Every structure is written in structure tokens, then in C-alpha cells.
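Trainee: What shape does this take:
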Amino acid sequence: MSRDFGDFQTPPALVHAILALLQQQGWKWTRVLEPTCGQGNFIAGLLNQPSPPHEIHGIEIQPHYVSSARALAQNFSSGNVTIHQANIFNLHMSRYLSWQTKGPLLVIGNPPWVTNTELGTLGSTNLPQKTNLKHLPGLEALTGSANFDIAEYIWLKLIKELTHEQPTIALLCKTSVARNVLQFAVTSNLPVSNASIRRIDAKKWFDASVDACLFSMELRANEYQNHAEVYDDLFSDQPASIIKVINNHLFHLTTHSNSIMPAGSSSLTWRQGLKHDAASVVELTIDATGQLQNKLGEIVQVEADYIYPLLKGSDLAGKSNIKSRRAIIVPHKRIGDNTKQLSIIAPQLWNYLTVHQKIFTQRKSSIYKNKPPFTYFGIGDYSFAPYKVAISGMYKTPHFRAIGPLQGKPVMLDDTCYFIPCRSGEQAAFIVSLLKDPLCLEFLQTITFWDAKRPVTKKVLQRIDLLTILQRINPQDILLRAQQELATLTPQAKAIWPDRLEDLLDDNYYLSSNEVDTAQLPLIEAL
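Mentor: I've put the predicted structure just below:
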């Protein structure tokens, strides 16, 4: 596989299975386009059909694959085949292709399974012109949502440039790409119909550990559907589930019913943990002698005020009591703070960070550009809230956890975690009790796609309307659970619940950093 091109050549056996499926559904296409044809396995499969298409166009950028595809096509006497050596990103499909045949159009193939960020890291020039593809807001565009799969870009390009042809499009891609394309098409009011997602075994066919599928849809004038049926494999007769786009949001349903709790908006703001991309320097453990040690094996001696207990996503995933085994250096409290003042107020820390400055300056993310030295993201007053309700974004089973301070120091979370800052143990215990309620967990199943690399995101969590959930549950049941959570969180605490439980879901309060107990403590005690 050529990583520079996200190259997974489709095995002939898989090509045969896909074409058999399409033929089973009704083979009616006289024209076929393969937008990234590689060595030509799909084209050979098409020409090998009892009634091959009248005309086939393949587009491929790599010269050796162009030669292979042309050679394969020459082995067949039937079919008018043209292989174009071109970069699909530089073409407008309907203007570039000159069809000699009329009739229904099938677009088929296997576009690259790689993201624009991965290609950029590899130094590849095989990239579309840089653009904020989905018109995302500033920071979101910089920090991940603008990182899209090349296959997704190709999907959207094909839809945009070929809609007037009313084609059927059937491409192998990651399942996450299929969902994104479906959501974009429906929310953009594009004429989508007969969409389906048929899962394939990517490990078997491509030796790739990713959830993948054959995603197909028809673009038909005046036909607007908001869903795709999901099948367990290529030849399943009945869908296992259905994905629907309702009010611009994706839902994953086990039936065709719309009887789901409506998606809302959280009255509380979920936050992501600290992002620093300098774990080897700032994430610490305690060695056998009780000293702080970084991941480089160095003993670290810096001012205690800047060291906090740390939990990572893996610490939140289990069911046992949470214990912090790590610590983290936090050099500032808000984005944009002038960290140069550390040279005066925390000289040990400043010297330590300066010694390792190269690790910080080599951070690749654009979010660090033109920022003060040693800047973190995902940091603010909320980071220093004494209590938090947190969840890991990386695990396929959701575990919401209430977290309290350790010896007066707030616990920090890494950027694989999301959390709600809380002003008291009661608030944290109450919120986590709502989130653990079966009604909430059932709703979470309909809006979360557990095959994703990061199933739980801020966008998903913000769709959980805790006020609506509270209105649908017996308040006494929630209070009973909350009391138990509080007893685990702060065993000596005597609960004081407000008259209006809704007040515990008020996002108007954030703790100022100077309200946090930052008394100097021996780190071993804090951990």
C-alpha cells in the first residue's frame, strides 16, 4: 500500500461480490465512472460481466496504475474504456468527462482511506486545495473537525458535480465517512434516495483495523430521503439498523421508528481536558524514591503550585474507584496568559520548561502558533473547578464518573476526556446520577456511533438535555442515587440539596481560579 495516496487496492473477490450485489439489485447502468481506479480491478470486473457497460471512464493519478488499468482493459474485446491519468482534485467531473453513450450512470470504486491531516504529515502533495470544507467556525476548523477523510471530500465532490446526471454512487469507505456524507447530503437538501450502508470485513480484505462499508445512494430529482439502512454484510436481506438525520442530527436506530427522545441541547457546557502535546515533559509519575519523574526518565523539581493530579481516559473507563497515578505540570490558568512571568514567580519551573523548549516548539498543531511559550489549550477557570463529572471519549462503553479534589487540589484531565465543571460535590453527584439513568444511556446509544475512533465527543454530549431527562424521571429516584454517589465521592459530606433541583443544572456559574485551594501540598499526599 502507498500511504502517500491512502492506497488500498480492492481484491478481485471483493469486486466480484460487490458487482454481484449490484446486479442482484438490478443492473441497468450503461455508463460507469471510477474516480480513483488504481490498477483497474473494478474495471476488469465490470468488463467481465455478462452484459458489461457500454462505456467506462477511470481516473487515476499514479502512472504505474494507469498502465496496469489500461493493460487490463485491453484484455477484453467489449466495452469502450478510457483511463485518464489525472488528479481528481483538479477536475470538474461533468466538464472533464466527454461521454459518447447516454443512459444511467454508475459511479463505483474505492477512494483513498486516509485523512488530509495524515497526508499532510507524510508531506504528500496528493491533497485537495485547502478549504474549510463544511464552513466550520474558527477554532473548530483548527482543532479537528476540519480534518476530513479524502474519501469524504471525493464523495462530496462527486455529489456536487454529478447531481444533474442523477447517478447511483457506490463506494467503499470508512463507515464514519458514510455517516458524514449522509448527514451533509440531507442537511444540504440534496436529492438523496435508496441510501444503504453494507458493512465489510476490512481486516479480511485490506488488513486494516477500521470499520468500513460499501456505501451507496441514488441522486434522483425530487426524491429526498433522510436515512440509510445499515446491513451487517453485503448480502444480508434485512437491515440490522437504520441511520436517520433528524433536525440536522444523526440518530442510530434499531428500528424504523421515530419514537426516540428528541435531541436537545445541554444547559451545561461540556469541556475537553488539557491539550498540550508535550506529554514527555509535563506528565509525571512518582518513582520508587518518591520523586517526580517525567517520561524521559528525568527527576523533576519545580514549584508545587504548578503540579496537579492527572487522570487520563483509561482511568475513567473502569468501574472501580478512581485513583490518580499521575501528575501534570500546568504552567498557566487561561488561554493567552503570559507564561514569561514564570521566569520571576516560578523560576524552577521556567528553567525546567526552557531546557525542554524544543519539545514545545516542535508541536505541529497550528493552534500553538503565535501563542505564548508553553501554551496549553482546553484550559480555563473550568479546569480548576474542585469537582467534575467526566467521561472518556475513546471507549465503546460509556462510564460517567464524578471526581473530587485530592487534598485540596483539583484533578486535571487529559484531552481524551470531556467533563462538566461543578461547584460542589452535590452538583457532581446529581449530574452523574442523571447521566447514568437508563433513559439517558438509551438516548446516548441513539446518538453515538461506537465504531468511531473517538465515539464520545463534545458535540455528542451537548445533545444530552439533562433538564428533559429530569422531567421524565421520578426526582426521588435521582436523589437517592445522587446521595449514594455523594457518599462515594465525599464520605464525610452531609448533603445539602437545593429546593429546585433544576438549579444544579445551571451553567451560569464558573469557579474562578482564585477560589480553588492551591495550598502547597506534598505531591505524594495529593496523589
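Trainee: contacts and neighbour counts: CA atoms only from here.
Mentor: Noted.
Trainee: P455 is in contact with T448, correct?
Mentor: Yes - taking contacts as Cα atoms under 8 Å, T448 lies within contact range of P455: 6.2 Å.
Trainee: Please state the backbone phi and psi of the residue nearest to P410 when sequence neighbours are not counted?
Mentor: The spatial neighbour of P410 that comes closest, neighbours along the chain excluded (Cα to Cα, 6 or more residues apart in numbering), is P386 at 4.8 Å. The phi/psi pair for P386 (degrees, to the nearest 10) reads phi -70, psi -30.
Trainee: Tally up the residues packed near L21, please.
Mentor: Per other Cα atoms under 10 Å, the neighbour tally for L21 reads 14.
Trainee: mind checking the SS state of it?
Mentor: Here L21 is helix, with the state taken from DSSP: H, G, I helix; E, B strand; the rest coil.
Trainee: ok, so what distance separates it from L435?
Mentor: In this view, L21 and L435 are 42 Å apart by Cα to Cα, to the nearest Å.
Trainee: Over to V355?
Mentor: Counting by Cα to Cα, the separation of V355 from L435 is 44 Å.
Trainee: who has more neighbours, the two?
Mentor: L435 (22 against 10).
Trainee: ok, the more buried one - contacts?
Mentor: Contacts for L435 (Cα atoms under 8 Å, 6 or more residues apart in numbering) come out as 400, 441, 466.
Trainee: rerun that using 10 Å as the cut-off
Mentor: Contacts for L435 (Cα atoms under 10 Å, 6 or more residues apart in numbering) come out as 389, 398-401, 441, 444, 464-466, 469-470.
Trainee: which among these end up buried?
Mentor: Buried members of the contacts of L435, counted by 16 or more other Cα atoms under 10 Å: 389, 398-401, 444, 464-466, 469-470.
Trainee: In helices only, show me those residues.
Mentor: Per DSSP state H, helices hold the following members of those: 444, 466, 469-470.
Trainee: Serialize those to TSV and add fields for pLDDT.
Mentor: Shown next, in TSV, are these (pLDDT from 0 to 100):
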residue	pLDDT
L444	92
L466	92
I469	91
L470	92
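Trainee: Take those residues and write them to JSON lines, including distance to E55.
Mentor: Output for these, formatted as JSON lines (distance: Cα to Cα, whole Å):
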{"residue": "L444", "distance to E55": "47"}
{"residue": "L466", "distance to E55": "56"}
{"residue": "I469", "distance to E55": "56"}
{"residue": "L470", "distance to E55": "60"}
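Trainee: And those residues, which is closest to I242?
Mentor: L444 (15.5 Å; Cα to Cα).
Trainee: tell me the domain boundaries of this protein?
Mentor: Split into domains by automatic domain parsing, the chain comes to 3-253, 271-526.
Trainee: would JSON lines of these with distance to G264 be doable?
Mentor: What follows is the domains of the chain, written out as JSON lines (distance: least, Cα to Cα, whole Å):
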{"stretch": "domain 3-253", "distance to G264": "10"}
{"stretch": "domain 271-526", "distance to G264": "5"}
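Trainee: closest to S265 out of those?
Mentor: Checking those against S265 by Cα to Cα gives domain 271-526 as the closest, at 4.8 Å.
Trainee: buried stuff in stretch 299-308?
Mentor: 300, 302, 304, 306-308.
Trainee: From the chain's centroid, how far away is that stretch?
Mentor: Centroid separation between stretch 299-308 and its chain, computed with Cα atoms, centre = their mean, to the nearest Å, is 33 Å.
Trainee: Now it - C-alpha only, CSV.
Mentor: Provided in CSV are the C-alpha atoms of stretch 299-308 (Å, rounded to 0.1, in the frame of the first residue of the first chain):
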residue,chain,number,x,y,z
ILE,A,299,13.8,13.7,38.1
VAL,A,300,11.7,16.9,38.1
GLN,A,301,11.8,19.6,40.8
VAL,A,302,9.5,22.5,40.2
GLU,A,303,7.3,24.7,42.3
ALA,A,304,4.4,22.6,43.8
ASP,A,305,1.8,25.3,43.0
TYR,A,306,2.0,24.2,39.3
ILE,A,307,1.6,20.5,39.8
TYR,A,308,-1.8,18.9,39.9
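Trainee: avg pLDDT for that stretch?
Mentor: On average, the pLDDT along stretch 299-308 is 96.
Trainee: these two touch, right, D465 and S267?
Mentor: Yes - under the criterion of Cα atoms under 10 Å, D465 makes contact with S267 at 6.9 Å.
Trainee: L162 should be in a strand, yeah?
Mentor: No - counting by three-state DSSP, L162 falls outside a strand, being helix.
Trainee: quick one on the thing from earlier: tell me how many other residues surround the residue nearest to P410.
Mentor: For P386, the tally of surrounding residues (other Cα under 10 Å) stands at 26.
Trainee: Let me know whether it touches P405 as I believe.
Mentor: Yes - with contacts counted by Cα under 10 Å, P386 reaches P405, the gap being 5.3 Å.
Trainee: low-confidence ranges in the stretch 151-300 of the chain?
Mentor: Within the stretch 151-300 of the chain, the segments meeting pLDDT under 70 span 255-263.
Trainee: Now with 80, please.
Mentor: 254-264 (pLDDT under 80).
Trainee: all strands of it, in order?
Mentor: For the stretch 151-300 of the chain, the strands defined by DSSP state E, counting those that start in this stretch cover 168-174, 192-200, 212-219, 227-231, 241-246, 249-253, 271-272, 283-286, 292-294.
Trainee: buried residues in the fourth one?
Mentor: When you say that, I think you mean strand 227-231. Those would be 227-231, for strand 227-231 by 16+ other Cα under 10 Å.
Trainee: now the fifth one
Mentor: Of the residues in strand 241-246, those with enough neighbours to count as buried (16+ other Cα under 10 Å) are 241-246.
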